[in-house]
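Chemist: sharing a model prediction with you, sequence too.
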Amino acid sequence: VRPYELYYWKPGDEQAKRIVEKEHSAFPDTWRISENGEVHFSENGNRLFFGTAPQPVLNDTMLTEDEVIDVEVWNWQDQRLITQQNVEKEEDQKKIYLAMVDPVSNNVLQIATEEISYLDIPNEHNSRYAILGSNVNYLKYTSWEGFPPRQDLYILDLQSGERSQVASEIRGGASISPAGNYLLWYSLPDSAWFSWSIAEKKEYRLTQNTPYPFYDEEDDHPDYPSAYGNAGWLKDDEAVWIYDRYDIWQFDPRNSTAALNLTKNGRVTKNVYRYQDVDNDKEYIDPDGPIYIRGFNEVTKGTGYFRYNPKRNELKSLVWNDGQRFRNLKKAQDSRELLFTYENFYIFPDLQYTTNDFKTASKISNANPQQ
């Protein structure tokens, strides 16, 4: 097995320097740098991520075919059935575990271990905290509970290396807020959204005092209903926007203020309102920028776009058509110029361009002229 090492070079250096040797003290015993791991930097360049793995067990090539023992031992305590283990054998052999090194100080941190099944480092890997999930003790339950499996949630401080448990046996994915102050997840058994304050190390149940449910009202299969999802966080983690069947609600992550229905009339008009992320460079909803919301009417099947003013808590209709479907809204980075498409059975979804919030629009593509 080749002893891989990690080298680092930057402009001005005469040569690359070794910053992680093949057997580092931060690795578990017998672990090594894996050739299957992708090496990449955080967005700000202050962290270098790489993969590690246990030392592989090599086959004894001196044995003849009749000397090789080929036996499957089944055990009722196995988390995964042998048949599943056989299918996932090659994937398991190439599995890598994320590690991190500071190229300046050469400090190494082993982030993932064998019990970690889920890992997320937000803000393009710049965040101070990572969220970890472990389902290894609950995989057998998927045989009768289905997916997603139960998991224990942890928060890992990437500066100190301290790991703290957040919750146990939850069913549902979790994420960290853009500013790194909170965790957010939807619990299937509770049919509710929860937040967890990293500073306070305290859990808050968000969707409990609202007049309408935040789970799929039309779900009719014999299992817990799923959520409608969330739009994202406001700047500096001030609040989080969560969907019910029709409207968008704003929640304080500490429950210090009551939930606010931003779109107000969705349930009455049967309009389904959903936030439009038109700026891929921002991981949060900017209250100072134009906030666009798409509407879809369950009765007429009409669609359109709205602009939301957070200071006035006001929703303004920009364009609506019961006979067309508006989609694919994108905004220019430094102006309010917009690209979008609309379509129906007769109209092909060519690119449309507007500079005045849909008062006028110009078709700038002609991709299907024969129609």
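Modeler: Right, received. Where do you want to start?
Chemist: my guess is residue 365 contacts residue 349. True?
Modeler: No - counting by Cβ atoms under 8 Å, residue 365 does not reach residue 349; the two are 9.2 Å apart. All C-beta spots, glycine's among them, are computed from the backbone N, C-alpha and C.
Chemist: between those two, which one's more packed in?
Modeler: residue 349 (18 against 13; other Cβ atoms under 10 Å).
Chemist: so who does that one touch?
Modeler: 327-328, 341-343 (Cβ atoms under 8 Å, 6 or more residues apart in numbering).
Chemist: helix, strand or coil: sort out it for me.
Modeler: With DSSP: H, G, I helix; E, B strand; the rest coil as the basis, residue 349 sits in coil.
Chemist: from here on, count from 33
Modeler: From this message on, residue numbering opens at 33, which makes the last subject residue 381.
Chemist: what about residue 127, how many neighbours?
Modeler: 16.
Chemist: mind checking which of the contacts of residue 381 are buried?
Modeler: 373-374 (16 or more other Cβ atoms under 10 Å).
Chemist: so which of the contacts of residue 381 sit within helices?
Modeler: Assigned to helices by DSSP state H, none of the contacts of residue 381 qualify.
Chemist: got the contacts of residue 381 as a markdown table, with distance to residue 389 and pLDDT columns?
Modeler: Output for these, formatted as a markdown table (distance: Cβ to Cβ, whole Å; pLDDT from 0 to 100):
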| residue | distance to residue 389 | pLDDT |
| --- | --- | --- |
| 359 | 17 | 96 |
| 360 | 16 | 96 |
| 373 | 16 | 97 |
| 374 | 15 | 95 |
| 375 | 20 | 95 |
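Chemist: distance to residue 80 added to the contacts of residue 381, as JSON lines?
Modeler: Converted to JSON lines, these look like this (distance: Cβ to Cβ, whole Å):
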{"residue": "359", "distance to residue 80": "39"}
{"residue": "360", "distance to residue 80": "36"}
{"residue": "373", "distance to residue 80": "40"}
{"residue": "374", "distance to residue 80": "45"}
{"residue": "375", "distance to residue 80": "45"}
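Chemist: just the contacts of residue 381: which are in strands?
Modeler: 359-360, 373-375 (DSSP state E).
Chemist: and for residue 321, the neighbour number?
Modeler: 13.
Chemist: check which helix or strand covers it.
Modeler: According to DSSP states H and E, residue 321 maps onto no helix or strand at all.
Chemist: for residue 327, same thing?
Modeler: Using DSSP H and E, residue 327 maps to strand 323-329.
Chemist: counting by contacts, list what that strand packs against.
Modeler: If you count contacts as 3 or more Cβ pairs under 8 Å, 6 or more residues apart in numbering; DSSP states H and E, strand 323-329 packs onto strand 303-308, strand 335-341, strand 346-353, strand 357-363.
Chemist: what is the second one packed up against?
Modeler: The helices and strands touching strand 335-341, judged by 3+ Cβ pairs under 8 Å, 6+ apart, are strand 323-329, strand 346-353, strand 357-363.
Chemist: and residue 97, which of those is closest to it?
Modeler: strand 357-363 (58.2 Å; Cβ to Cβ).
Chemist: for that closest one, the distance to its chain's centre please.
Modeler: Remark: strand 357-363 is offset 22 Å from the chain centroid, using Cα atoms, centre = their mean, to the nearest Å.
Chemist: can you list the strands that it pairs with?
Modeler: strand 370-375 (antiparallel) (DSSP bridges).
Chemist: C-terminal to the partner strand, what's the next element?
Modeler: That would be, after strand 370-375 and using DSSP H and E, strand 383-386.
Chemist: endpoints of stretch 326-344, how far apart?
Modeler: 19 Å (Cα to Cα, to the nearest Å).
Chemist: the strands in the stretch 133-282 of the chain, which residues?
Modeler: Secondary structure of the stretch 133-282 of the chain (DSSP state E, counting those that start in this stretch): strands located at 140-142, 150-152, 161-166, 183-189, 195-202, 206-208, 214-219, 224-229, 234-237, 262-265, 272-275, 280-283.
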